[in-house]
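Asker: Sequence plus predicted model, see below.
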Amino acid sequence: MNIVYDVKDKIATITLNRPEVANAQNAALLDELDAAWTAAADDPDVSVIVLRAEGKHFSAGHDLTGGGPRPDKITLEMVYEGEARRYLEYSLRWRNIPKPSIAAVQGRCIAGGLLLCWPCDLIIASQDAKFSDPVVMMGIGGVEYHGHTWELGPRKAKEILFTGRAVTAEEAEQTGMVNLVVPRDELDARTAEMAARIATMPPFALRQAKRAVNQTLDVQGFYAAIQSVFEIHQTGHGNALSVSGFPILAHLDEMKGKIGDR
């Protein structure tokens, strides 16, 4: 079971449950995660959604080992279709679910991990949390759901992409990406406290408040930018395929060393 789902006191808690691989995301985990989000969205007894993770790290990103048989030939069409569904479409759908959501992030949140927490309305991070997107090392300009500029501002977004370095929880709070930074041992309790407070508010008013903020961002260009930059992301894959037949898996060991212990 890659995901644990629980509902109590109007709060749906979705827990990433692959701690042995730092909650790296394979296809099964993402499909189960989407099903959990959908269940929470459809449940009239749920007012708030909490996304959390078991183990030392929130998520080490996409599971580059794949977790299954590899095709003899990888095409750009194959990559595009899979990423459009499980990365771009899932993240946008979670962002637009008409209920408040909170991500509780600890440890490392790497690349694809950002696609899980950025769609949430609020992010509470432990003091040891670090956020990074080092995929420029792999010849790609950033992960599929390009929230970088919106979450961090243009210059900080360029810095973390150009250098591959991680942003600390405190830095993320200063940019507005993170709402609250708390001690690691208080993360779940403080998240539950925030969720419980929100759950006392009128559900329709919460829905309208969320829609107002998201619609404002979309009018400013968020949705169009996300779609456009996904196409830029795919040019990275196209270049990789043309140069060396898709080197991402070949660079897996090197990436692990540079990113650090999952």
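Answerer: Right, received. Where do you want to start?
Asker: Could you use CA atoms for every contact and neighbour count after this?
Answerer: OK.
Asker: Surely Pro203 and Ser47 touch.
Answerer: Yes: with contact defined as CA atoms under 8 Å, Pro203 and Ser47 form a contacting pair (6.3 Å).
Asker: Would you check how far apart Leu92 and Ile160 are?
Answerer: From Leu92 across to Ile160, the span is 23 Å (CA to CA, to the nearest Å).
Asker: Of those two, give the one with the bigger neighbour count.
Answerer: Ile160 (20 against 17; other CA atoms under 10 Å).
Asker: what residues are up against that one?
Answerer: By CA atoms under 8 Å, 6 or more residues apart in numbering, Ile160 lies in contact with 132-134, 166-167.
Asker: And the furthest pair within those?
Answerer: By the measure CA to CA, Pro134 and Val167 form the most distant pair in the contacts of Ile160, at 11.3 Å.
Asker: The two - which one has more neighbours?
Answerer: The neighbour comparison of Pro134 against Val167 (other CA under 10 Å) goes to Pro134, with 24 against 20.
Asker: ok, that one - contacts?
Answerer: By CA under 8 Å, 6+ apart, the contact set of Pro134 is 110-111, 142, 160-161, 163-165, 259.
Asker: Most neighbours among the residues you listed, please name it.
Answerer: Gly142 (28 neighbours).
Asker: what about that residue, helix or strand, and which?
Answerer: For Gly142, there is no host helix or strand (DSSP states H and E).
Asker: Which of the contacts of Ile160 fall within strands?
Answerer: 132, 167 (DSSP state E).
Asker: closest to Val4 among the contacts of Ile160?
Answerer: Within these, the smallest distance to Val4 is 25.2 Å, found for Ser132 (CA to CA).
Asker: Surely that closest one and Val167 touch.
Answerer: Yes: the pair Ser132 / Val167 is scored as a contact, 6.2 Å apart, by CA under 8 Å.
Asker: circling back to that earlier point, need the overlap of contacts for Pro203 and Ser47.
Answerer: The contact sets of Pro203 and Ser47 overlap at Lys99 (CA under 8 Å, 6+ apart).
Asker: So those two - more neighbours on which side?
Answerer: Ranked by neighbour count (other CA under 10 Å), Pro203 and Ser47 place Ser47 first, with 27 against 18.
Asker: Could you double-check that that one sits in contact with Val7?
Answerer: No: the criterion here is CA under 8 Å, and Ser47 misses it with Val7 at 10.1 Å.
Asker: Nearest to Asn26 among the contacts of Ile160?
Answerer: Asp133 (17.7 Å).
Asker: Contacts only, for the closest residue to the closest one other than its chain neighbours.
Answerer: For Asp133, ignoring the flanking residues on the chain, the nearest one in space by CA to CA, 6 or more residues apart in numbering is Ala111 at 4.3 Å. Applying CA under 8 Å, 6+ apart to Ala111 gives the contacts 60-62, 131-135, 142-143.
Asker: Leu16: what's its closest spatial neighbour, skipping adjacent residues?
Answerer: In this structure, Leu16 finds its nearest non-sequential neighbour in Ala53, 4.5 Å apart by CA to CA, 6+ apart.
Asker: so how many other residues sit close to that neighbour?
Answerer: 23.
Asker: got it, and the one 4 residues further on?
Answerer: Burial of His57, expressed as a neighbour count using other CA under 10 Å, amounts to 26.
Asker: all strands of the chain, in order?
Answerer: Under DSSP E, the chain gives strands at 3-8, 11-16, 48-53, 101-105, 108-110, 122-126, 130-132, 167-168, 180-182.
Asker: With mean pLDDT and distance to Leu241 as new columns, can those strands be given to me in a markdown table?
Answerer: Listed next are these as a markdown table, based on pLDDT from 0 to 100; distance: least, CA to CA, whole Å:
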| stretch | mean pLDDT | distance to Leu241 |
| --- | --- | --- |
| strand 3-8 | 98 | 33 |
| strand 11-16 | 98 | 32 |
| strand 48-53 | 98 | 34 |
| strand 101-105 | 98 | 34 |
| strand 108-110 | 97 | 23 |
| strand 122-126 | 98 | 36 |
| strand 130-132 | 97 | 25 |
| strand 167-168 | 96 | 30 |
| strand 180-182 | 98 | 41 |
